[in-house]
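*Asks:* Here's a sequence, model it:
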Amino acid sequence: MSIFKNRNFTILFSGQLVSSIGDNLYSIALLWYVLDLTHSKGDLAVTGFATTLPPLLGAFIGVYVDRWRKQTTMIASDIARAGLLLLLYLITTMNTPHFAWIVAVVVAVELAGTFFSPAFSSLLPYIVSQDEMAAASGINMSGSAFASLGGMIGGGALLAFIGATRLFLGDALSFIASVVSLTFVRSPEVKRTRTADTNVIKEWKTGMRIILKSRYLTQSGLTSMVNNFSLSAFGIVITPWVKDTLHGSALVLGMIYGALLVGMILGGLLAGHAGRRFRYRMIDFVTLVGLGLGVSLAGVWANVYWDAGVLFVAGLMLGVVDGMGGAVRVLMIPEDVRGRVYSTLSTASRMAMPLGVAVLGSLLLYLPTGDVLMLTGVSPIIGGLSYLLPFSKRAFAEIDANRSLGRVVPERGEVM
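*Replies:* Model prediction:
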């Protein structure tokens, strides 16, 4: 693909591929380790809930991301996460690790990571042209899913053979690899000059006004919040579903995640093609409803092959909607406020996650796991149906009108 002729993108993509593999080794190992250590679905829910809290600070973190050099911010975030994961490795090699220590380190890892995503999204337009953005976004989504596939499938096997603690160490090493790759990226970005009378709140309000003036960005933020309410609990629900209901091993869990991620890879590759052929509103409606149905149907029948099939479809839908939506959001936000707007949207999308994890995690204690898994897919169905409302039609009219003119990126000071 021509996008890989871009040296900076190729280096950035390669480094993130490695760290994504490590991150997914960590994700699958963490929940399995907690369940194996405590034998408690309640503690599993506490772990999941704790990981959703740090990203809520992301709205104000975006202000600092706009002030700082994006590349330097990403390097600092990766160094912090590598150090914390090395600490987690040391803690979990103790004979009787305290559950509270594990949760504290995991929260710190998530907090350090909240700087990375808005910095990455803000850096990408500096190294990729507008014409390449849709392809770069789709490839990045597919690359993340491919890395997740390798991490999840390999994680299941590695978890069975070497244990969770060494997978925590592997994730730390993957962040070190990401730091090395980032040092080779050459970006034309410059540090933004901040006037003396500005402060965090004022700068955040500037980004918030950009969102509220755009029907599309407002709709996107609200819908993401709805979608993530129940989807945020997927990890803590699918783990006991496989372990206790299917009586499967870590390898089976890896295979089911693998089906989801293969779908995401294919969906990411198809995102650019779908965006050229269909209206964005119809893409979001179909893919979100399809995502929700795929997740819910996994809880209908306790069968490994059934679960793999319906979650493949769910992953396909997720790959398309995330690949297209990511490209449009980044391109339509003015350059000097990308960090705070993106991080505010990201924070809005995560605001319902702690509540969703708490609610569905609590339901695990009282309802059959299959019923809770079916409920996990409800919110993206609701989010998808919202695109049929009149407000949504007006929001997407802005995007479709500009696309018909061949223009996506707003002029300076203009908001779609």
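*Asks:* Point out where the protein drops to low pLDDT.
*Replies:* Within the chain, the segments meeting pLDDT under 70 span 1, 58-59, 130-131, 134, 148-156, 190-198, 326-327, 330-331, 335, 398-416.
*Asks:* how close does Met94 get to Leu37?
*Replies:* In this structure, Met94 and Leu37 are 11 Å apart, going by Cβ to Cβ, to the nearest Å. Quick note: C-beta positions are derived from backbone N, CA and C, even for glycine.
*Asks:* likewise Pro380?
*Replies:* On the measure of Cβ to Cβ, Pro380 and Leu37 end up 31 Å apart.
*Asks:* okay, these two: which has more neighbours?
*Replies:* Neighbours of Pro380 and Leu37, each counted by other Cβ atoms under 10 Å, are more numerous for Pro380; the result is 31 against 15.
*Asks:* wait, doesn't the more buried one sit right on Phe229?
*Replies:* No - checked against Cβ atoms under 8 Å, the pair Pro380 and Phe229 is beyond contact range at 9.2 Å.
*Asks:* Now for the residue nearest to Met141 when sequence neighbours are not counted, how many residues are close by?
*Replies:* Among residues not flanking Met141 along the chain, Gly268 sits closest, at 3.5 Å (Cβ to Cβ, 6 or more residues apart in numbering). By the criterion of other Cβ under 10 Å, Gly268 has 28 neighbours.
*Asks:* Next: Ser174.
*Replies:* Counted with other Cβ under 10 Å, the neighbours of Ser174 add up to 27.
*Asks:* Please verify my assumption that it contacts Gly22.
*Replies:* Yes - using Cβ under 8 Å, Ser174 is in contact with Gly22, at 2.5 Å.
*Asks:* Contacts only, for the closest residue in space to Phe396 that isn't next to it in sequence.
*Replies:* Once flanking residues are discounted, Phe396 sits nearest to Arg281: 3.8 Å by Cβ to Cβ, 6+ apart. Each residue near Arg281 by Cβ atoms under 8 Å, 6 or more residues apart in numbering is listed here: 387, 392-393, 396, 400.
*Asks:* mind listing what's buried in the host helix or strand of Arg281?
*Replies:* Element membership of Arg281, judged by DSSP states H and E, is helix 280-297. For helix 280-297, a neighbour-count test (16 or more other Cβ atoms under 10 Å) marks 280-281, 283-297 as buried.
*Asks:* One more: stretch 95-104?
*Replies:* Buried residues in stretch 95-104, defined by neighbour count with 16+ other Cβ under 10 Å: 97, 102-104.
*Asks:* Adding distance to Ser14 and secondary structure, write those out as CSV.
*Replies:* Formatted as CSV, these follow (distance: Cβ to Cβ, whole Å; DSSP: H, G, I helix; E, B strand; the rest coil):
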residue, distance to Ser14, secondary structure
Pro97, 34, coil
Ile102, 31, helix
Val103, 33, helix
Ala104, 32, helix
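*Asks:* Out of those, which is nearest to Ala250?
*Replies:* Set against Ala250, the nearest of the buried residues of stretch 95-104 by Cβ to Cβ is Ile102 (18.4 Å).
*Asks:* Val34 is in contact with the closest one, correct?
*Replies:* Yes - using Cβ under 8 Å, Ile102 is in contact with Val34, at 7.0 Å.
*Asks:* Would you mind listing the residues touching both of the two?
*Replies:* When contacts are counted by Cβ under 8 Å, 6+ apart, Ile102 and Val34 have Thr47 as shared neighbours.
*Asks:* For the stretch 101-250 of the chain, just list every one of the helices.
*Replies:* In the stretch 101-250 of the chain, the segments counted as helices under DSSP state H, counting those that start in this stretch are 116-127, 130-162, 164-182, 200-213, 215-231, 234-240, 250-277.
*Asks:* Not counting the first one itself, show me its contacts.
*Replies:* It stands for helix 116-127. In contact with helix 116-127 (Cβ under 8 Å, 6+ apart) are residues 6, 8-9, 12, 16, 58, 61-62, 65-66, 68, 70-71, 73-74, 77-78, 133, 136-137, 140, 185, 187-189, 326, 330-331, 335, 338-340, 342-343, 346.
*Asks:* Please apply the same query to stretch 62-70.
*Replies:* With Cβ under 8 Å, 6+ apart as the test, stretch 62-70 has contacts from 73, 115, 118-120, 122-123, 126, 187, 189-192, 194, 200, 203-204, 207, 336-344.
*Asks:* 6 Å instead, please
*Replies:* 73, 118-119, 122-123, 189, 191-192, 194, 200, 203-204, 339-340, 343 (Cβ atoms under 6 Å, 6 or more residues apart in numbering).
*Asks:* The residue lying closest to Phe175 once chain neighbours are set aside: neighbour count?
*Replies:* Spatially, and ignoring its direct neighbours in sequence, Phe175 is nearest to Ala82 (3.9 Å; Cβ to Cβ, 6+ apart). Applying other Cβ under 10 Å, we find 23 residues neighbouring Ala82.
*Asks:* quick check: angle from the helix or strand hosting Ala82 to helix 116-127?
*Replies:* Under the criterion of DSSP H and E, Ala82 resides in helix 70-92. If you take axes from the mean of the first three to the mean of the last three Cα atoms, to 10 degrees, helix 70-92 sits at 150 degrees to helix 116-127.
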